[in-house]
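K.L.:
Turn this into a model:
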Amino acid sequence: MSNREGTEVRLTILFGILQQLMTTRQNKLFAKLALTSSQFGLLIHFTHDPKRSWLVTELAEVMEMNQPGITKIASQLIDKGLLIATPDTKDKRKKHLKISEKGLKSCSSTIAAFSPDIQNIYSAFEDGELDDLSQHLEKLMSWLDSNRDNIKGL
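P.N.:
Numbers count the residues shown, from 1 in each chain. Prediction:
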């Protein structure tokens, strides 16, 4: 195994460990809030373009979840008044989902509740290190997003 291959394997292992540690940390934080991590994950997706509405099929594709799972979470968010569902004009079975003002406020308050822990997590990093880390992770995220179905190996 070359040095690069070893580094690639090590990074993959580190991302797995980071994912587990962050998931555990998030679950502890969400246990104190009115939203679950799944609900917040779906809701925060709407904040990127709050004026846009989404169909469940579109959300399932972009979030890489099954439609029944998205439907269940969306229904919970609609019941809480955080999403608004509007029937499609041509097909009444379809609902256009959009974030409500209450949903936007809920996202903001959730992020504010997490802010002390977020600051604590990154306190060991200098500003330049954070900027570098952010740029590298954005690059990785962009590649993964563009290559969702490009899986080699097994």
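K.L.:
buried ones in the longest helix anywhere in the chain?
P.N.:
For the chain, the helix with the greatest residue count under DSSP state H is helix 3-30. Neighbour counts over helix 3-30 (16 or more other Cβ atoms under 10 Å) mark Gln26, Leu29, Phe30 as buried. (Glycine included, C-beta is placed from N, CA and C.)
K.L.:
And the spatially most central residue of the chain, how far from Gly81?
P.N.:
What sits nearest the mean C-alpha location of the chain, by Cα atoms, centre = their mean, is Gly41, with 4.2 Å. Going from Gly41 to Gly81 by Cβ to Cβ, to the nearest Å gives 18 Å.
K.L.:
try Thr110
P.N.:
Distance from Thr110 to Gly81, by Cβ to Cβ: 15 Å.
K.L.:
Which one's more surrounded, the two?
P.N.:
Neighbour tally, Thr110 and Gly81, criterion other Cβ atoms under 10 Å: the higher count belongs to Thr110, 20 against 12.
K.L.:
pretty sure the more buried one contacts Lys32?
P.N.:
No - with contact defined as Cβ atoms under 8 Å, Thr110 does not count as touching Lys32 (10.6 Å).
K.L.:
Now do the shared contacts for those two.
P.N.:
Here Thr110 and Lys32 share no contacting residue, scored by Cβ atoms under 8 Å, 6 or more residues apart in numbering.
K.L.:
Which residue is the nearest non-sequential neighbour of Thr57?
P.N.:
Nearest non-adjacent residue to Thr57, counting by Cβ to Cβ, 6 or more residues apart in numbering: Gln67, 6.4 Å away.
K.L.:
Likewise for Ala85?
P.N.:
Nearest to Ala85 is Lys95, by Cβ to Cβ, 6+ apart, at 4.3 Å.
K.L.:
count of neighbours near the one you found?
P.N.:
Using other Cβ under 10 Å, Lys95 is surrounded by 21 other residues.
K.L.:
Which strand residues bridge it?
P.N.:
Note on Lys95: beta-bridge partners Pro87, judged by DSSP bridges.
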